[in-house]
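>>> Provided below for reference: sequence and predicted model.
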Amino acid sequence: MSLLQEERNIILNNEYVDNFDFAEVEEFVKNASKNLFISHNFKTKNKMLVQPRGGFPTYNKMFALYEFFVDADVDVLPCTIDSNTRLNDYATAKKMLRLSEENEVDMLNGFPLINHGYRTARKMMTHFDRPISLRHGTPDARLLIETAIASGIFEIEGGPITYLLPYSKNFPLDKAFLYWKYVERVCANYSKLNEPINRESFGPLTATLVPPCITIVIQLLEMLLSLEEGVKSFSVSFSQTGSMNQDIVMGAVIRKMAKYYSNQIGVDDADIHLVYHQWMGAFPMDPNFASQLINMSTVIATMVGADKIITKTNQEAAGIPTKEANAETVANTQYTLRILKGLPNIVDKEEEENLTAEVMAIMEAVFNDSADTLWRKVFNSIKNGTIDVPFSPHIINNNEMITIRDAKKNIRIIKRGKVPIPDRCFEYEKAQCDLTKDTTSIVNDIIHDIGIMQ
Amino acid sequence: MKVVTGVVGNDIHVVANRLIDLSLQARGFEVFNLGVNTYLEEFVDAVIETNADILLISSLNGEAEGWCREVKILKSKYGNLLDDVVFMIGGNLVVGSGTADDIVPRFKNYGFDLVFHQVDLNTGLDALEEFMKERNT
């Protein structure tokens, strides 16, 4: 028995998991409908795929949510996992699920997949014959991913960096790398049986003034860590920055760099896709303004040439949106996409060249770390501040980098910390900003710049 | 002057915490930032360790209400070690809605010298500077 299989046996031997039948799951994946695979949809559907967010605790409510989405012409169904499961607290999730089932109140903020079990979940996940995307935020997602694939979920979001730095204060980063390595290998192995399982990184990070070079570097590194383990379908992603021009530049650079670096490690047979998140920052309270912002996101996604868009609702500022609001935003986004044809092609050579130079300099510094494997190089680079995510709550993050918006709303780096931004690029970034102000005024600008609504 | 700051409880909202850190530094304070997800005992330990003049707790998701009731009890355990330390708290201090008229006296009773519920950052820090100036004259 291989080491991986031994580890799988240990992980799946858990009191909250019903008896796991590997042979049966393999048979299921082998014969599963191709429509369930987002990798297949990317190839065959000649349009940008639309995917909302959403997850409810009980089977019935989740099923009703999916019915609403299908009526609204959704391309990809979401399965958002509850926060207890994300922290591997299956006991609490079980209790809260029972309370939700017995009283007509939702006691969980997502679907507790492990407690439902794959035999039950599979009935729902295969019923609609559409791809389902697993959204969670779990540093140790090994059991969750096994259960998801056994249930018919063949699109797995997350990664060791993007599901840790924005969501956790002190979960050990080295452990996260090793747990995600397991996830990649399981996904790669199942990918050989039918269409590939798609892995997707989470580009928005903290969704607060993250400069494009940091987002892109982290996307590329999670992609490389995944491809290294044999994954053949991967999505890089980012969220609306607040500047249309910067989004378009970012889309062009991330595509180009993803191809370049996957070739660098000798992988040329993997499909790389681009996912765009509608505005992830603070939303305006006025639902009409929120709708405008969402609509603008769709226009930008089209200009970026995204393969998939992840939607927001106009109820975002008020809390967790209803299934009706979620379905409405899917229908509206589909409508906008249908009428957006023949948009002009925008290219900003100067910005592209600057961003590419920043990304390549940081990547080079990561590769030059003396550690023996890529994950250890990345781990060291986060630890020593070569990679620095603004507003990350995690203790390992360096937190020296400072960013503000320039007059055109582009996010600019005004303090680079230990991130090896080349001098020429750093001067260019700073030249776009008014830096004659005192620190207090700059802090006030940052408070203002976190939003783009004012 | 030395300030220990951080977000209380299991709150992971870090944006305001960073801005408080930056603003305090811009105003010339020496800042020890414990970050998000910090327990009351950790704050007090840090104050003693750094010999800080001010403890500035922030809270965004309302957890302050649950965590900060015990400030007085905790203070009493340290004898007169904390007598000269200014305790300040700001942010969204309660779960659900409440008015400052109601919340400020409540938190003062918990053991805080300065309480700011849903108040602009600069207003709060101006008040802190004013308070320190008056105290030291």
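Cool, got the structure. In this text the structure is predicted, and so the values were computed from the model without any measurement.

>>> Quick one: residues contacting residue 50.
No chain was given, so I picked chain A. By Cβ atoms under 8 Å, 6 or more residues apart in numbering or on different chains, the contact list for residue A:50 reads A:73-76, A:308-309, A:311, A:330, A:333-334, A:337. All C-beta atoms are positioned from the backbone trio N, CA, C, and that covers glycine.

>>> Actually, chain B is the one I wanted.
Residue B:50 neighbours (Cβ under 8 Å, 6+ apart): B:2, B:4, B:32.

>>> and if we set it to 10 Å?
Counting by Cβ atoms under 10 Å, 6 or more residues apart in numbering or on different chains, residue B:50 touches B:2-4, B:30-32.

>>> farthest pair in these?
B:4 and B:30 (10.0 Å; Cβ to Cβ).

>>> what do those two both touch?
B:50, B:52-53.

>>> Next secondary structure after whichever helix in chain A runs longest?
In chain A, assigned by DSSP state H, the helix with the most residues is helix A:244-264. Following helix A:244-264 in sequence order, the next helix or strand is strand A:271-277 (DSSP states H and E).

>>> Between the shared contacts of residue B:4 and residue B:30, which sits nearest residue A:281?
residue B:52 (33.1 Å).

>>> Show me which of the contacts of residue A:50 are buried.
A:74-76, A:308-309, A:311, A:330, A:333-334, A:337 (16 or more other Cβ atoms under 10 Å in any protein chain shown).

>>> just wondering, since we're on residue A:118, how far is it from residue A:144?
Residue A:118 is 11 Å from residue A:144, where distance means Cβ to Cβ, to the nearest Å.

>>> What of residue B:13?
25 Å.

>>> Equivalent analysis for residue B:103, please.
40 Å.

>>> Which one's more surrounded, those two?
More neighbours surround residue A:144 than the other of residue B:103 and residue A:144, with 23 against 19 (other Cβ atoms under 10 Å in any protein chain shown).

>>> tell me the SS of that one?
helix (DSSP: H, G, I helix; E, B strand; the rest coil).

>>> likewise residue A:413?
strand.

>>> so it sits right up against residue A:435, yeah?
No. Residue A:413 is beyond contact range of residue A:435, at 11.6 Å (criterion: Cβ atoms under 10 Å).

>>> who touches both of those two?
residue A:404.

>>> about what we covered before: so between residue B:4 and residue B:30, which is more surrounded?
For residue B:4 versus residue B:30, neighbours defined as other Cβ under 10 Å are more numerous around residue B:4 (25 against 12).

>>> need the next SSE after the helix or strand that one falls within, C-terminal direction.
If you go by DSSP H and E, residue B:4 is part of strand B:2-7. Downstream of strand B:2-7, the first helix or strand assigned by DSSP H and E is helix B:15-26.

>>> distance between stretch A:161-176 and the chain's centre?
14 Å (Cα atoms, centre = their mean, to the nearest Å).

>>> what about the closest residue in space to residue B:51 that isn't next to it in sequence, distance to chain A?
Nearest non-adjacent residue to residue B:51, counting by Cβ to Cβ, 6 or more residues apart in numbering or on different chains: residue B:2, 6.7 Å away. Separation of residue B:2 from chain A (Cβ to the nearest Cβ, to the nearest Å): 19 Å.

>>> Look up the closest residue to the residue of chain A found nearest chain B, ignoring the ones flanking it.
The minimum distance from chain A to chain B, using Cβ to the nearest Cβ, falls at residue A:439 (3.5 Å). In space, and not counting its chain neighbours, residue A:439 is closest to residue B:26: 3.5 Å by Cβ to Cβ, 6+ apart.

>>> Tell me who's in contact with residue B:2.
Counting by Cβ under 10 Å, 6+ apart, residue B:2 has contacts B:29-32, B:47, B:50-54, B:85.

>>> Would you mind checking these for buried ones?
Applying 16+ other Cβ under 10 Å to the contacts of residue B:2 flags B:29, B:31-32, B:47, B:52-54, B:85 as buried.

>>> between the longest helix along chain B and strand B:2-7, how many degrees?
Longest helix of chain B, by residue count under DSSP H: helix B:121-135. Orientation check (axes from the mean of the first three to the mean of the last three Cα atoms, to 10 degrees): helix B:121-135 against strand B:2-7 gives 150 degrees.

>>> Buried ones in helix B:121-135, by neighbour count?
Quick answer for helix B:121-135 (16+ other Cβ under 10 Å): B:121, B:124-125, B:128, B:132.

>>> Would you mind listing the buried residues in the helix or strand residue A:121 falls within?
Assigned by DSSP H and E, residue A:121 belongs to helix A:118-127. Going by neighbour count (16+ other Cβ under 10 Å), the buried part of helix A:118-127 is A:118, A:121-122, A:124-126.

>>> follow-up on the earlier one: minimum pLDDT in the buried residues of helix B:121-135, which residue is that?
Lowest pLDDT of the buried residues of helix B:121-135: residue B:121, 92.

>>> OK, contacts around that residue?
A:443-444, A:447, B:16, B:19-20, B:22-24, B:58, B:90-91.

>>> re earlier: which ones among the buried residues of helix A:118-127 also lie next to chain B?
With Cβ under 10 Å from any Cβ of the partner chain as the criterion, these include none near chain B.

>>> related to what we said a few turns ago, give me the common contacts of residue A:118 and residue A:144.
Common neighbours of residue A:118 and residue A:144 (Cβ under 10 Å, 6+ apart) are residue A:153.

>>> circling back to that earlier point, got the angle for the strand holding residue B:4 vs helix B:15-26?
170 degrees.

>>> so, if you compare the contacts of residue B:121, which one comes nearest to residue A:192?
residue B:16 (47.8 Å).

>>> That closest one touches residue B:56, doesn't it?
No. Residue B:16 lies out of contact with residue B:56 (Cβ under 10 Å); the separation is 11.3 Å.
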